[in-house]
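> Okay, here's the prediction I keep looking at, along with the sequence it came from:
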Amino acid sequence: MSTQIAPAVSKNWLGTFMEITKFRLSASVVFSSVAGYFLGADTISWTIVLLLAIGGYCMVGASNVYNQIIEKDLDALMKRTQNRPLPTGNVGVRPAFLLASLLTIVGITILYLINPQTAMFGAISIFMYVSLYTPLKTKTPLSVFVGAFPGAIPFMLGWVAATNDFGIEPGTLFMIQFFWQFPHFWAIGWFLFEDYKRGGFFMLPSGKQDKGTAIQIVLYTIWTVLISLIPAFHVTGKLKLSLIAAIILAGLGVWFISFALRLYRQRTEKAAKQLMLVSVSYITLLQIIYVVDKFLQ
């Protein structure tokens, strides 16, 4: 099958680079980091925004390339990943490793130019993603818990880039994105259950598309929404939400929870895919609302 698909894979170097670094995923991570920076900065430095965007993309891109090197043979077994550059042979392991190494060095260096703490958290993120999360994906559903740590770093990373300090504010941003990842990735694990099974990946907490998994998805969705509203009580330092922003976020939270409940009731792949799409919309709109509310207060 791969011999038929390979010719369709882009031979353009830019297209291949975007594919192997997972451009859309990396861009969403950069968006989170920049949002965190806007929340933490007293005065916006567009130079730092640019450094954060480039350095952040390099770090996430490197993680994605390392991940695909490790999972090359498993990716070839799954429909959603068999077109990737490594399984098709469009990119070899050695050039992929050189690219990942280069991105790591460039990314850490650029983040260090912002401040040392930003570089440190960036390095921790890439280490946990590649050395812990990736190998655990074929061993235990707890991989999602481990992966939630590096996945939650970008939002808080922006605040650290703005302040060179880690306190309750970036800690709160971390917790929001940490808990959000559970309903998001479990929804993906649900509607791609058979495909993940072909690759030997264990993503759902109970290992099955059952009531136990659905209940946990609902609970983590509720916790995500509740944590997102904590800044409205002005107990998280300089990170605050106005009453209007809190009401809007609460409405979005009800919307998010309703789709988690729909999955609980229906337990279908369609409901899981809808929840995944809603989860992406929720976290994106949350970050926009947080930033807009800060500058309107």
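Okay, I see it. Here the structure is a predicted model, which is why all the values come from computation and not from measurement.
> my guess is Cys58 contacts Val106, does it?
Yes: between Cys58 and Val106 a contact is recorded at 5.0 Å, counting by C-beta atoms under 8 Å. C-beta coordinates here come from the backbone N, C-alpha and C atoms, glycine included.
> Okay, now the unreliable bits of this protein?
1-11 (pLDDT under 70).
> Work out which residue lies at the spatial centre of it.
In the chain, the centroid-proximal residue (C-alpha atoms, centre = their mean) is Gly151; its distance is 4.6 Å.
> What is the neighbour count of the nearest residue to that one once chain neighbours are set aside?
Nearest non-adjacent residue to Gly151, counting by C-beta to C-beta, 6 or more residues apart in numbering: Gln181, 5.1 Å away. By other C-beta atoms under 10 Å, the residues close to Gln181 number 21.
> Packing partners of the strand or helix carrying Gln181?
Assigned by DSSP states H and E, Gln181 belongs to helix 168-191. When contacts are defined as 3 or more C-beta pairs under 8 Å, 6 or more residues apart in numbering; DSSP states H and E, helix 168-191 sits against helix 23-40, helix 143-163, helix 211-229, helix 243-266, helix 269-296.
> As CSV, these with distance to Asn67 would be great.
Output for these, formatted as CSV (distance: least, C-beta to C-beta, whole Å):
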stretch, distance to Asn67
helix 23-40, 11
helix 143-163, 10
helix 211-229, 23
helix 243-266, 27
helix 269-296, 19
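> and those helices, which is most packed in?
helix 143-163 (a mean of 24; mean count of other C-beta atoms under 10 Å).
> quick one: it to chain centroid distance?
Distance, stretch centre to chain centre, for helix 143-163: 9 Å (C-alpha atoms, centre = their mean, to the nearest Å).
> Pro205: what secondary structure?
coil (DSSP: H, G, I helix; E, B strand; the rest coil).
> looking at it, it is touching Thr213, isn't it?
Yes: shown here, Pro205 and Thr213 form a contact pair, counting by C-beta under 8 Å, at 5.5 Å.
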